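Fold the following, please.
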Amino acid sequence: MLGQPDLVTVTSLSGPSYPVASARSFTGPIGLTVDLADSLYVTDMQAHRVLFFEFDATEATQVWGQHGNFSQSLVNSRWDGALSQWVTGGVPTADTLATPYFGAAFDSQNRMFIPDLGNARVLRFDV
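Modelled structure (predicted):
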């Protein structure tokens, strides 16, 4: 099982006292894609990211949409040097997502495509 510690515990990344995003948690998983190596890509729409899980793993080893940071879930995040922290509302870049929708797709050259609904675009990544 992915996203929760066990079958009966429910944790969420929404609400007033939500836990920090991680490589083991989801806010709103909306799409799944399995590649030729049976690895799993989970589109986590409300955390504005796509997580990569190697076959049979319970912790993601790569993330798209949050500058490679598993512990944030901000829309179009950017670094604010004055505040010394990541903040929301930056200009869209190749490292940010805003409500990715459905699962990632792959072409015959193993390029991944992520539909980025909030930014009205589709991003392509070589994986």
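
Can you tell me how far the residue lying closest to Asn110 once chain neighbours are set aside is from Ile30?
Using Cβ to Cβ, 6 or more residues apart in numbering and skipping residues adjacent in sequence, the residue nearest Asn110 is Val127, 6.1 Å away. Every residue, glycine included, has its C-beta placed from N, CA and C. For Val127, the distance to Ile30 (Cβ to Cβ, to the nearest Å) stands at 20 Å.

more neighbours, these two?
Set Val127 next to Ile30 and count neighbours by other Cβ atoms under 10 Å: Ile30 wins out with 16 against 13.

part of a strand, is that one?
Yes - applying DSSP: H, G, I helix; E, B strand; the rest coil, one finds Ile30 inside a strand.

In the protein, which residue is most central in space?
Nearest residue to the geometric centre of the chain (Cα atoms, centre = their mean): Arg49, 1.9 Å.

need the contact list for it.
By Cβ atoms under 8 Å, 6 or more residues apart in numbering, the residues touching Arg49 are Ala21, Val63, Trp64, Gly65, Gln66, Ser73, Leu97, Pro100.

Tell me how far stretch 111-127 lies from the chain's centre.
The chain centre lies 12 Å from the centre of stretch 111-127; the measure is Cα atoms, centre = their mean, to the nearest Å.

From start to finish, how long is that stretch in a straight line?
6 Å (Cα to Cα, to the nearest Å).
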